[in-house]
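**Q** Build me a model:
(chains A, B, C and D)
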Protein chains: 2
Amino acid sequence: MSLKYALLGLISKKPQTGYELYTTFKERMIYFWSSTHSQIYTELNKMEHEEWISSTYIYQEGSPNKKLYTITTKGEEYLLNWLLSDKIKPAKIKDEFLLRASAFHLLSEKEIIHLLDAIIEREQRVLEATRKWQHDNEQDEEFGIGDFVTAEYGVMYAEMYIKWCEKVRKEIRKRSRGN
Amino acid sequence: MSLKYALLGLISKKPQTGYELYTTFKERMIYFWSSTHSQIYTELNKMEHEEWISSTYIYQEGSPNKKLYTITTKGEEYLLNWLLSDKIKPAKIKDEFLLRASAFHLLSEKEIIHLLDAIIEREQRVLEATRKWQHDNEQDEEFGIGDFVTAEYGVMYAEMYIKWCEKVRKEIRKRSRGN
DNA sequence: TAGACATATGTCAAAAATGACATATATATT
DNA sequence: AATATATATGTCATTTTTGACATATGTCTA
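**A** Residues are numbered from 1 along each chain as shown, chains lettered A, B, ... in the order given. Here you go, the predicted structure:
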């Protein structure tokens, strides 16, 4: 499983806490990797045990204490080896909306349009958030090649999704006029 | 979990065997739903037990015997109820290549270009297969709205992915010239 | 003042997914 | 003659994932 590589990749950029990693997954990696905080914290503990990362406990006043993780030399080697391996599995996708779309023969025009409009709205919100993040961070020193290309992917993915929804909308209208 | 709805949706179009369902997942649904034959056969047996589908055993000479599944009224009701429910979860994606892309700061230009070219080739093959299927089947009576919209999605997704790869390729070249 | 939200880290039972193993026939290729 | 591929259906141990529960502080809002 690749969650460990995802975490190593992020930590290799700069030392981070579990909470920071979790918010990055939630806010900027949803387009290509999904994970929950329970899985992330569990995996970080395993990874520290394997000595791919090390942690420093940081005492804070005003907010809860936290653990800052840093990648080790062993972890960097492990990550680089994976990065260059040529067995790249195709993406695994579970898209509930597309699944519904594949059963559109069971729904009426009105029902389909209703579903589509909700999804277009949802995707537009995510697209705007990604564009905003991209705009707010592209001048940042920490905004590296990885951030650039994945943010770009997020934008292209959401734009494609919205275009597809609109194409489906038109097709549904066309077909229902035909009846 | 939604595998049952995926299977019900397909069976609702016409009675099918587990093997047919498995090949459909593998060949035409990879863009939005991934599953294995072991999961599909297990789920079909569970679904028959729940009386959402019923099966007929078909004896064959020359090839192995098979089980043809048909959706029941109970199954149709169950599927329709899910189709219209408004809690549509966002897509869950596990894309190993995008994960690598997010760690491109650790790789050289040459290494990145090498990875990118392999992925572009892979995606072009899948795109061509989808276009071919679309072309070969669009005149078919059984080619319904669901097939139309999901095939269209597959084409748009692969095209977007290739465009993104090419954009990344250019960006990598640009950045390496800058050094 | 009560509730929601953000920060911060965990556990754990249950459900889902994977990948190997298992079997059988027919055809096509090396 | 051996190997690979396509058809066809399953089991099963292990791994992964989910989603709820748990705890604690501070801020912001109704």
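
**Q** How about stretch A:48-62 and chain B, any contact?
**A** No. Stretch A:48-62 is not in contact with chain B by CB under 8 Å from any CB of the partner chain; minimum separation 13.9 Å. All C-beta atoms are positioned from the backbone trio N, CA, C, and that covers glycine.

**Q** Mind listing residues that contact that stretch?
**A** A:4, A:7-8, A:11, A:15, A:17, A:44, A:47, A:65-72, A:74-75, A:78-79 (CB atoms under 8 Å, 6 or more residues apart in numbering or on different chains).

**Q** Just the buried ones from the residues you listed?
**A** For the contacts of stretch A:48-62, a burial check counting by 16 or more other CB atoms under 10 Å in any protein chain shown picks out A:4, A:7-8, A:11, A:17, A:44, A:47, A:66-69, A:71-72, A:75, A:78-79.

**Q** biggest separation within these, which pair?
**A** Spanning the widest gap among the buried ones among the contacts of stretch A:48-62 are A:66 and A:78, at 24.4 Å by CB to CB.

**Q** give me the element residue A:47 is part of.
**A** helix A:37-49 (DSSP states H and E).

**Q** Mind listing what's buried along that helix?
**A** In terms of neighbour count (16+ other CB under 10 Å), helix A:37-49 has its buried residues at A:40, A:43-44, A:47-48.

**Q** where's residue A:147, which helix or strand?
**A** helix A:145-178.

**Q** For that helix, buried residues please.
**A** A:145-158, A:160-162, A:164-165, A:168, A:171-172.

**Q** Show me what that helix packs onto, helices and strands only.
**A** When contacts are defined as 3 or more CB pairs under 8 Å, 6 or more residues apart in numbering or on different chains; DSSP states H and E, helix A:145-178 packs onto helix A:18-28, helix A:109-137, helix B:96-101, helix B:145-178.

**Q** Swap in 7 Å and give it another go.
**A** helix A:109-137, helix B:96-101, helix B:145-178 (3 or more CB pairs under 7 Å, 6 or more residues apart in numbering or on different chains; DSSP states H and E).

**Q** Can you add distance to residue A:94 and give those back as a markdown table?
**A** Formatted as a markdown table, the helices and strands packed on helix A:145-178 follow (distance: least, CB to CB, whole Å):
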| stretch | distance to residue A:94 |
| --- | --- |
| helix A:109-137 | 15 |
| helix B:96-101 | 15 |
| helix B:145-178 | 14 |
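
**Q** Could you dump those into a markdown table and include mean pLDDT?
**A** Below are the helices and strands packed on helix A:145-178 laid out as a markdown table (pLDDT from 0 to 100):
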| stretch | mean pLDDT |
| --- | --- |
| helix A:109-137 | 95 |
| helix B:96-101 | 97 |
| helix B:145-178 | 96 |
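
**Q** now the ones you listed in CSV, with distance to DNA strand C?
**A** Formatted as CSV, the helices and strands packed on helix A:145-178 follow (distance: least, CB to the nearest atom of the strand, whole Å):
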stretch, distance to DNA strand C
helix A:109-137, 13
helix B:96-101, 11
helix B:145-178, 18
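
**Q** Just tell me which of those helices ends up closest to DNA strand D.
**A** helix B:96-101 (10.8 Å; CB to the nearest atom of the strand).

**Q** can the closest one be found next to chain A?
**A** Yes. Helix B:96-101 lies within reach of chain A by CB under 7 Å from any CB of the partner chain, at B:96-101.

**Q** from memory residue A:162 sits against residue A:122, does it?
**A** No. Using CB atoms under 7 Å as the test, residue A:162 is too far from residue A:122 to be in contact (9.9 Å).

**Q** before we move on, the earlier item: which of the residues of helix B:96-101 next to chain A has the most neighbours?
**A** In terms of neighbour count, residue B:101 stands highest of the residues of helix B:96-101 next to chain A at 27 neighbours, by other CB atoms under 10 Å in any protein chain shown.

**Q** returning to what we had before: now do the helix holding residue A:147 and helix B:145-178, the angle between them.
**A** Counting by axes from the mean of the first three to the mean of the last three CA atoms, to 10 degrees, helix A:145-178 lies at 150 degrees to helix B:145-178.

**Q** ok now do residue A:28, which residues does it touch?
**A** Residues near residue A:28 by CB atoms under 7 Å, 6 or more residues apart in numbering or on different chains: residue A:133.

**Q** if we go to 8 Å?
**A** So residue A:28 contacts A:130, A:133, A:147, A:150-151, A:154 (CB under 8 Å, 6+ apart).

**Q** same question, residue A:164
**A** Counted by CB under 8 Å, 6+ apart, residue A:164 has contacts B:149, B:152-153, B:156.

**Q** relative to helix A:109-137, how tilted is the helix holding residue A:147?
**A** Using the same axes, to 10 degrees: helix A:145-178 against helix A:109-137 is 160 degrees.

**Q** sorry, back to before: ok, the buried residues of helix A:37-49 vs DNA strand C, which is closest?
**A** residue A:44 (5.9 Å).

**Q** From chain B, how far out is the closest one?
**A** Counting by CB to the nearest CB, to the nearest Å, the gap from residue A:44 to chain B is 17 Å.

**Q** try residue A:177
**A** Taking CB to the nearest CB, one finds residue A:177 at 14 Å from chain B.

**Q** coming back round to it: from the residues of helix B:96-101 next to chain A, which single one is nearest chain A?
**A** residue B:98 (3.4 Å; CB to the nearest CB).

**Q** List the contacts of the closest one.
**A** Taking CB under 8 Å, 6+ apart as the test, what residue B:98 contacts is A:31-33, A:91, A:150, A:153.

**Q** Distance to residue B:60 for these - can I get that in JSON lines?
**A** Converted to JSON lines, the contacts of residue B:98 look like this (distance: CB to CB, whole Å):
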{"residue": "A:31", "distance to residue B:60": "45"}
{"residue": "A:32", "distance to residue B:60": "43"}
{"residue": "A:33", "distance to residue B:60": "43"}
{"residue": "A:91", "distance to residue B:60": "36"}
{"residue": "A:150", "distance to residue B:60": "49"}
{"residue": "A:153", "distance to residue B:60": "46"}
